[in-house]
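>>> need a structure here:
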Amino acid sequence: MTKEELKEQLKSQIIHFLNLTDLTPSDIKDNEPLFASGLGLDSIDSLELIVLLKKEYGINIQDQREGRKILVDINTMVDYIEEHRKK
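Here you go, the predicted model:
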């Protein structure tokens, strides 16, 4: 899977997991912040994203500081997935 395909897949998964039915993958920009002023996600959403990473990619994030570095935007999430996912 190419990086672009992974980005599109991740966007679709985020929409599905967080029940963001008013969004499409094209509405989510690769470098748009996921929290606060960007997509507007909150701390509950961050927990759901951590569950998504574990369930879909076998990535287990236990350190909150690490999570904050990963869950910045689509680009940082995809880079982390490519580096750490269970093959």
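>>> contacts for the worst-scoring helix or strand of the chain on mean pLDDT, please.
Within the chain, no helix or strand scores below helix 64-70, which has a mean of 89 by mean pLDDT, DSSP states H and E. Here helix 64-70 makes contact (Cβ atoms under 8 Å, 6 or more residues apart in numbering) with 46, 50, 53, 61, 76-77, 80. Backbone N, C-alpha and C define where each C-beta goes, glycine included.
>>> could I get those residues as CSV with neighbour count, secondary structure and distance to residue 19?
As requested, these are arranged in CSV below (neighbours: other Cβ atoms under 10 Å; DSSP: H, G, I helix; E, B strand; the rest coil; distance: Cβ to Cβ, whole Å):
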residue, neighbour count, secondary structure, distance to residue 19
46, 18, helix, 15
50, 18, helix, 16
53, 23, helix, 17
61, 19, coil, 21
76, 15, helix, 23
77, 24, helix, 18
80, 19, helix, 23
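>>> quick check: of these, which lies closest to residue 8?
residue 77 (12.6 Å; Cβ to Cβ).
>>> quick one: residues contacting residue 20.
residue 14.
>>> wait, a strand at it?
No. Counting by DSSP: H, G, I helix; E, B strand; the rest coil, residue 20 is located in no strand; its state is coil.
>>> just give the nearest non-adjacent residue to residue 9, would you?
residue 1 (7.4 Å; Cβ to Cβ, 6 or more residues apart in numbering).
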